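Trainee: here's a sequence, model it:
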Amino acid sequence: MPIEHANRRDGATSSPRIEPVLGDITSEHVDAIVNAANRHLQGGGGVDGAVHRAAGAVELHAACAQLGGCEPGDAKATPGFRLPARWIIHTVGPVWTGGARGESEILASCYRRSIEVADRLGAKSVAFPAISTGIYGYPPELAAKVAVSTITSTPTTAVELVRLMAFDHTTLDLYVNLLGT
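Mentor: Here you go, the predicted model:
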């Protein structure tokens, strides 16, 4: 069962409600899921491989090939194909090299750009994985802080719900502690 956290700010702008959730992003019933992709958008391991397998590797590969790749910090969308989600927003996170090469700015851009793309698509609900914390080596504690601070400081958006998907209890605890739930 998702843990809910109302996170609306007072005033003219609002950020989405954030739910930290333990589970498989490919089975989420949201408007869009975010794929932690590589810059070639050709599938790979971890979240990227799981998304490609669940969506239908042939169809998704063909759709991604038309996008011409994606630079770190950017985001591009394809249909969700066989997923419960209508869209897949592909974003390329930074490879962790110690933090002195702009990794936090690139990671924050992944979250901002993904929400911008979700807005353009008309998505009201979006599920994010823990971007860059797998093979890209970003420390989960630092990545969780970037995710939560970026989403909570998002300017006006039509996205009402963001699910921060955790594949393990350690990551879930990071989100829960940061959100104070």
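Trainee: could you find the closest non-adjacent residue to the spatially most central residue of the chain?
Mentor: The residue lying closest to the centre of the chain (C-alpha atoms, centre = their mean) is residue 128, at 2.8 Å. Take residue 128 and drop its neighbours on the chain: the residue closest to it by C-beta to C-beta, 6 or more residues apart in numbering is residue 34, 4.6 Å away. All C-beta atoms are positioned from the backbone trio N, CA, C, and that covers glycine.
Trainee: and the one you found, which of the three is it?
Mentor: Classification of residue 34 using DSSP: H, G, I helix; E, B strand; the rest coil returns strand.
Trainee: contacting residues around it?
Mentor: The contact partners of residue 34, by C-beta atoms under 8 Å, 6 or more residues apart in numbering, come to 25, 75, 88, 89, 90, 91, 114, 126, 127, 128, 129, 131.
Trainee: residues touching the residue nearest to the centre of the chain, list them.
Mentor: 25, 33, 34, 111, 114, 147, 162, 163, 164, 165.
Trainee: hmm, back to that, could I get the contacts of residue 34 as a markdown table with secondary structure, pLDDT and distance to residue 103?
Mentor: Output for those, formatted as a markdown table (DSSP: H, G, I helix; E, B strand; the rest coil; pLDDT from 0 to 100; distance: C-beta to C-beta, whole Å):
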| residue | secondary structure | pLDDT | distance to residue 103 |
| --- | --- | --- | --- |
| 25 | helix | 98 | 22 |
| 75 | strand | 98 | 17 |
| 88 | strand | 98 | 24 |
| 89 | strand | 98 | 20 |
| 90 | strand | 98 | 19 |
| 91 | strand | 98 | 14 |
| 114 | helix | 98 | 17 |
| 126 | strand | 98 | 22 |
| 127 | strand | 98 | 23 |
| 128 | strand | 98 | 17 |
| 129 | coil | 98 | 17 |
| 131 | coil | 98 | 11 |
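Trainee: farthest pair in these?
Mentor: 25 and 75 (15.2 Å; C-beta to C-beta).
Trainee: more neighbours: which of these two?
Mentor: Counted by other C-beta atoms under 10 Å, residue 25 and residue 75 do not tie: residue 25 has more neighbours, with 26 against 23.
Trainee: so the more buried one is in contact with residue 166, correct?
Mentor: No - Residue 25 is not in contact with residue 166 according to C-beta atoms under 8 Å; the separation is 9.7 Å.
Trainee: quick one: the helices in this protein?
Mentor: With DSSP state H, the ranges of helices along the chain come out as 46-55, 57-65, 103-121, 140-152, 169-179.
Trainee: so which of the ones you listed gets nearest residue 80?
Mentor: helix 46-55 (6.2 Å).
Trainee: what about that closest one, average pLDDT?
Mentor: Helix 46-55 shows an average pLDDT of 96 in the prediction.
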